[in-house]
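K.L.:
My questions concern the predicted model and sequence given below.
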Amino acid sequence: MKKVILSGGGTGGHIYPAVAVAEALLRDAELHGEKLEILFVGAEGKMEMEKIPALGYRIEGVPIAGLQRRMDWHNMLVPYKVVKSIRRAKQIIREFGADVVAGFGGYASAPVLWAAQHMGIPTLIQEQNSYAGLTNKILAKRAERICVAYEGMERFFPKEKITLTGNPLRGKFAKGTTDHREALEHFGFDDKKPVILELGGSLGTRTLNNMLKRWSAGLQGESPVQVIWQTGKYYEKEMRDHLAKHPNRDIWQGAFIERMDYAYEAADLVISRSGACTVSELCLVGKPTLFVPSPNVAEDHQTKNAMALVEKGAACMVKDAEAVEQAMEVALQLVGDRERLNQLSANIERLAIPDSAERIVEELKKIW
């Protein structure tokens, strides 16, 4: 029996790629009639401690925490928690009897990978962004394999260890598998006007919400496009109240989008942040995209993710500071240029890697 530890968390962008690999590992084991045991390791108090058990997997926690942006007493405890987390990680690895450890980023990933490497357990790093973080660059020195989502990552890692795998995603994302008219009707739309899909994430994005708030206030009930406006739960009431004052039948608004397959199928253009998994998802569905990268992330990696596509003619970008006033104007110009949309769609679709999870499984099998 092979025993695999998957570590990562803090956000869905770190949790669900690990889950996608877990699912691929189980499919592969069943296909080959092999026995496999998987253990997740996360950060105590973070979302993975609830999300992973809910999906049917076992998880152990380590007491790691990250630095706060503001200087306070919590930061003084970080070194102590790092040491304690490494000790706990070694205990977990030893008791579980891991054959291999894979890290997907997030608070827990670093101490677990460090512990495994110093115990002689082979490790794999999955770097999701186009610009590698400092922690992964340090851990890469002892890692056996490094799975990346972007080309050119030999800038950060030893070339002989790198495999281009893409970012593994849960669910099925494929272009043209949903009926277009059915998708439009789901949002109360028709085919007479183009559709712009705004994705602000499950919590919401202040910049993108303010962008649509400002734009919709000046419409006087008449819109040149139809808009799917995903506000996120933090901003739902504020934006719902706004639309009550400025009603528009061409705007669908909701905190969440339950049928993302319909949303992608209906959309002619997507306006979105550029987190690693979001970018990978948009590549798979082949949607023309206007990225508005978040400036509030480590090492500005969202801008680097977006630029990796912009430089290939696979997306457009507006800076966060300019988005409220300019992004909808750029979006309207894009949806009015069908040739440009087709070009963006073709270019972004070329970057898709639909079998990412399976590729990572093959790399794991090489080192366990």
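P.N.:
Yep, that arrived. Worth saying up front: this structure is predicted, and the values here are computed from it rather than measured. Residues are numbered from 1 along each chain as shown.
K.L.:
ok, which stretches of the stretch 251-368 of the chain are strands?
P.N.:
Secondary structure of the stretch 251-368 of the chain, counting by DSSP state E, counting those that start in this stretch: strands at 251-254, 269-272, 289-291, 316-317.
K.L.:
Out of the ones you listed, which is closest to Glu37?
P.N.:
strand 269-272 (37.1 Å; C-beta to C-beta). Quick note: C-beta positions are derived from backbone N, CA and C, even for glycine.
K.L.:
Please compute how far that closest one lies from its chain's middle.
P.N.:
Mean-position distance between strand 269-272 and its chain equals 15 Å (C-alpha atoms, centre = their mean, to the nearest Å).
K.L.:
let's number from 50 now, not from 1
P.N.:
Shifting the count to begin at 50 puts that one at strand 318-321.
K.L.:
before we move on, the earlier item: any chance of the strands of the stretch 300-417 of the chain in JSON lines, plus distance to Lys414, mean pLDDT and mean neighbour count?
P.N.:
Compiled in JSON lines, those are given as follows (distance: least, C-beta to C-beta, whole Å; pLDDT from 0 to 100; neighbours: other C-beta atoms under 10 Å):
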{"stretch": "strand 300-303", "distance to Lys414": "42", "mean pLDDT": "96", "mean neighbour count": "20"}
{"stretch": "strand 318-321", "distance to Lys414": "34", "mean pLDDT": "98", "mean neighbour count": "26"}
{"stretch": "strand 338-340", "distance to Lys414": "34", "mean pLDDT": "98", "mean neighbour count": "26"}
{"stretch": "strand 365-366", "distance to Lys414": "38", "mean pLDDT": "98", "mean neighbour count": "20"}
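K.L.:
With distance to Ala355 as added columns, please give those strands in CSV.
P.N.:
Conversion of the strands of the stretch 300-417 of the chain to CSV gives the following (distance: least, C-beta to C-beta, whole Å):
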stretch, distance to Ala355
strand 300-303, 25
strand 318-321, 9
strand 338-340, 4
strand 365-366, 5
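K.L.:
which one of those lies closest to Ala78?
P.N.:
Comparing these by C-beta to C-beta, strand 318-321 comes nearest, at 35.0 Å.
K.L.:
The residue nearest to Gln302 when sequence neighbours are not counted bridge partners, please.
P.N.:
The shortest distance from Gln302 to any residue that is not its chain neighbour, by C-beta to C-beta, 6 or more residues apart in numbering, is 4.4 Å, and that residue is Trp278. On the basis of DSSP bridges, Trp278 is bridged to Glu247, Gln302.
K.L.:
wait, Trp278 sits on Glu285?
P.N.:
No - taking contacts as C-beta atoms under 8 Å, Trp278 lies outside contact range of Glu285: 10.4 Å.
K.L.:
With neighbour numbers in mind, choose between these two.
P.N.:
Trp278 (23 against 17; other C-beta atoms under 10 Å).
K.L.:
residues touching the more buried one, list them.
P.N.:
247, 261, 288, 300-303 (C-beta atoms under 8 Å, 6 or more residues apart in numbering).
K.L.:
between these, which is closest to His167?
P.N.:
Using C-beta to C-beta, Glu247 is the member of the contacts of Trp278 that lies nearest His167, at 45.6 Å.
K.L.:
How much space separates that closest one from Met288?
P.N.:
11 Å (C-beta to C-beta, to the nearest Å).
K.L.:
and those two? which has more neighbours close in?
P.N.:
More crowded of Glu247 and Met288, by other C-beta under 10 Å: Glu247, with 27 against 24.
K.L.:
Next one: the more buried one from Leu188, what distance?
P.N.:
For Glu247, the distance to Leu188 - C-beta to C-beta - is 36 Å.
K.L.:
quick revisit: for Trp278 and Glu285, list the residues in contact with both.
P.N.:
Common contacts of Trp278 and Glu285, defined by C-beta under 8 Å, 6+ apart, comprise Gly303.
K.L.:
quick one: low-confidence parts of the stretch 100-249 of the chain?
P.N.:
Counting by pLDDT under 70, the stretch 100-249 of the chain has low-confidence residues at 114-129, 221-225.
K.L.:
Now do the strands in the stretch 50-199 of the chain.
P.N.:
Using DSSP E, counting those that start in this stretch, strands in the stretch 50-199 of the chain cover 51-56, 85-92, 108-111, 149-152, 172-176, 194-197.
K.L.:
need those in a markdown table with distance to Pro342, can you?
P.N.:
Shown next, in a markdown table, are those (distance: least, C-beta to C-beta, whole Å):
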| stretch | distance to Pro342 |
| --- | --- |
| strand 51-56 | 27 |
| strand 85-92 | 25 |
| strand 108-111 | 30 |
| strand 149-152 | 24 |
| strand 172-176 | 18 |
| strand 194-197 | 19 |
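K.L.:
So for Val161, which of those strands sits nearest?
P.N.:
strand 51-56 (4.1 Å).
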